[in-house]
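In: Make a model of this:
(2 chains, ligands or ions: 3)
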Amino acid sequence: MMNYPQVLFKNRKPDRIATLEEYRQSGGYEGLGDALSKASHKDVQQVLLDAVLLGRGGAAFPAGRKLMTVADDAPHPRYIVCNADEMEPGTFKDRVLIHADPHMLIEGMIIAGYGAQAEKGIIFIRPEYESAARILEREIKIAKEAGYLGKNILGNGYSLDIVVHRSAGRYICGEVTAQLNALMGKRANPQQPPPYPTEKGLWERPTVLQNVETLACMPHILRNGPEWFKNLALTETGAGTKIFCASGKINSPGCYELPMGIRLSEIIEVHAGGMVEGSEYKACLPGGASTRFLPREFYDIEMDFDTLRNVGHRLGTGAIMVFDQKTCLVAATLNLVEFFARESCGWCTPCREGLPYIRDLLRRLEEGEGEEEYIPMLQQMSKHLWSSYCAFAPGAVSPVESLITYFEDEVREHISQKKCPFK
Amino acid sequence: MKCNVDLTYAMIPKELKELLARQIAGIEHPRELVVDVMFAVQDHYGYLSDEAVEEVAELLDMSPLEVEQLATFYTFIYREPVGKYVIHVCDSVICWMEGHESLLDHLSGKLGINLGETTSDGMFSLLPVCCIGYCDRAPAILINKKVYGPLTIEKLNDILERLRAEA
Ligand SMILES: Cc1cc2nc3c(=O)[nH]c(=O)nc-3n(C[C@H](O)[C@H](O)[C@H](O)COP(=O)(O)O)c2cc1C
Ligand code: SF4
Ligand code: FES
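Out: Numbering: from 1, shown residues only, chains lettered A, B, ... in the order given. Ligands and ions are numbered 1, 2, ... in the order given. From the prediction side, this is the model:
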């Protein structure tokens, strides 16, 4: 097996987290004092931009550019928020990262916070991750005692405090603007920009929000430079490593840190232990429930943001959920839509009303009560959902649309046989 | 009936209320604590009763309606009484593929309750939940927010027996 460099997982252990000392020995916090005194916050922004660090939370927005949108004369206090909500089905990398090396995230928040000149840090975490929340609270205290957090970090004049904010659980809280509402004790409905959170976010103050994995990349970029980071990827367009979460019909479900741009087939066959016995690859969702089914013809595709975008797909969170030839994709899509219908925040009509409608059509198809006209009806309703208020709905119909694009025959068999052909 | 139930859970104890009031007084934007306060009060009552909603509202200087909007929104805030052990069964796509349905049927049969119900001895509640972020351990469930997986019927039986014995 090819051994690829482990950057984010270099201190990962099977049974416990890396201590502050272990993180330091691996180079952690090294040069942070220097960086804070030598590099201006603008330099930090530029380095992250040059490294082509794209957001790992699903939307692939350049982290450096986001920091740059905080205006020089924007008011204080400013906020840096770490999105550890991780509710995208199939995704569990942030949990594994926090359990592996919490100080990497803390150092990432210091760097991003410095880049935004923020003095308040918040980690927003889902309730299922209570153990991760406790680890973070403990390690934040340890970092503070060591002088990495609090007032005047390492004597460089920059100050940052971090608190852990527990959510009570709802998928939409992962969306930036909904998360800010949740943090402010409001119902977590999204809020369309403008104003952008980096202009007026939490309590009307500039707020930069990044995913756990994005933040964890930052210390390494600062220490090793943007060129090094870009060269970690196997493709020209990619940059860095990516933590892929593999699950479904494979032998070794889990998180694998691999170069960006690695082929899907290699992830499945070499790193995730191959397909389980008797199973053949039929399709996967490459980046969580809100991405499109990737059928057999893309089995060798290079997994980076650009390559997938060029063929009309999305890398999302890099959570690869593998389906085999024995799994009915109408039933799988029905399950996914049930999830979205339940989790819709209910704020806007197309999403609130459209998803139950799609769910009912899929349920009838699965139960053998489908009609020919359901196929165009599904397509049309999916199209309507693109005019919803936030990005939740276009994500929700991605499995539905791609089901019809790639597996229309399978849908039709449900109609002609008047039953699910897999039952 | 409802009135009786509420009266048995008298006001939250003075110490807890004071502790929460102190935490609230210590931060710039008290509303940031609303979820923490709901959890603390829920831990005390077992669920977020009507009274509890009012107490949370009072503590944070919010209207009961504002608290209610949140209480009914979040998965882990219970507006109705639940059992000593709340079992959340993940029904998202990976657990579904790995046999969540047979787990659920088994649990339902064994406990004699459907999703959304609580056993008559007040021990177990059964609720659905979406992907809990342990798809590498599918099929997975949570019991009082602690994760168990990958589960088989046998393992599930062992866990239930252990919990019954501990209670
Ligand atoms: C419905 C919805 C759910 C989301 N859930 C998450 C999540 O759980 N975690 C996350 O990091 N980003 C999530 N996002 C993406 C965030 O809106 C945002 O783009 C991201 O957190 C920004 O950080 P990044 O640039 O570092 O990826 C979600 C987006 C949508 C539309
Ligand atoms: S698209 Fe769905 S989740 Fe987004 S605002 Fe509308 S109802 Fe809420
Ligand atoms: S699908 Fe059940 S834990 Fe993710």
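In: Please see if the helix or strand containing residue A:140 touches chain B.
Out: Residue A:140 belongs to helix A:130-145 when assigned by DSSP states H and E. Yes - counting by Cβ under 8 Å from any Cβ of the partner chain, chain B has neighbours in helix A:130-145: residue A:130. Just so you know, the C-beta spots here come from the backbone N, C-alpha and C atoms, and that holds for glycine as well.
In: quick one: contacts for residue A:258?
Out: A:4, A:241, A:242, A:244, A:267, A:271 (Cβ atoms under 8 Å, 6 or more residues apart in numbering or on different chains).
In: Touching, the last one and residue A:255? I think so.
Out: Which is residue A:271. No - look at residue A:271 against residue A:255 with Cβ atoms under 8 Å: they stay out of range, at 10.1 Å.
In: These two - which one has more neighbours?
Out: residue A:255 (24 against 20; other Cβ atoms under 10 Å in any protein chain shown).
In: Could you pull up phi and psi at the more buried one?
Out: phi -100, psi 130 (degrees, to the nearest 10).
In: Would you mind naming the residues that pair with it in a beta bridge?
Out: residue A:245 (DSSP bridges).
In: Could you give the residue of chain B that lies closest to ligand 2?
Out: Nearest to ligand 2, among the residues of chain B, is residue B:73, at 11.5 Å (Cβ to the nearest ligand atom).
In: tell me the contacts of that residue?
Out: A:170, A:187, A:188.
In: closest to chain B among these?
Out: For those, the closest approach to chain B (Cβ to the nearest Cβ) belongs to residue A:187, at 4.8 Å.
In: Roughly how far does the closest residue to residue B:63 other than its chain neighbours sit from residue B:116?
Out: Sequence neighbours aside, residue B:57 is the residue nearest to residue B:63 in space, at 6.0 Å (criterion: Cβ to Cβ, 6 or more residues apart in numbering or on different chains). To residue B:116, residue B:57 is 26 Å away according to Cβ to Cβ, to the nearest Å.
In: okay, the two: which has more neighbours?
Out: Taking other Cβ under 10 Å, residue B:57 and residue B:116 do not tie; residue B:57 has more neighbours (18 against 10).
In: domain assignment for chain B?
Out: B:14-71, B:85-166 (automatic domain parsing).
In: Any regions of chain B where pLDDT drops low?
Out: Filtered on pLDDT under 70, chain B yields the residue ranges B:1-10.
In: where do the helices sit along it?
Out: Ranges of helices within chain B are B:2-8, B:14-25, B:34-45, B:50-60, B:64-71, B:93-97, B:100-111, B:153-166, based on DSSP state H.
In: Could you identify which of the ones you listed is most buried?
Out: Ranked by mean neighbour count under mean count of other Cβ atoms under 10 Å in any protein chain shown, the helices of chain B are led by helix B:93-97, which reaches a mean of 27.
In: how much space between the closest residue to residue A:156 other than its chain neighbours and residue A:90?
Out: Take residue A:156 and drop its neighbours on the chain: the residue closest to it by Cβ to Cβ, 6+ apart is residue A:36, 4.0 Å away. Applying Cβ to Cβ, the value for residue A:36 to residue A:90 is 37 Å.
In: and those two? which has more neighbours close in?
Out: Between residue A:36 and residue A:90, residue A:90 has the larger neighbour count (other Cβ under 10 Å), namely 32 against 20.
In: who's in contact with that one?
Out: A:245, A:247, A:285, A:288-289, A:317, A:319-321, B:93-94, B:131, B:135.
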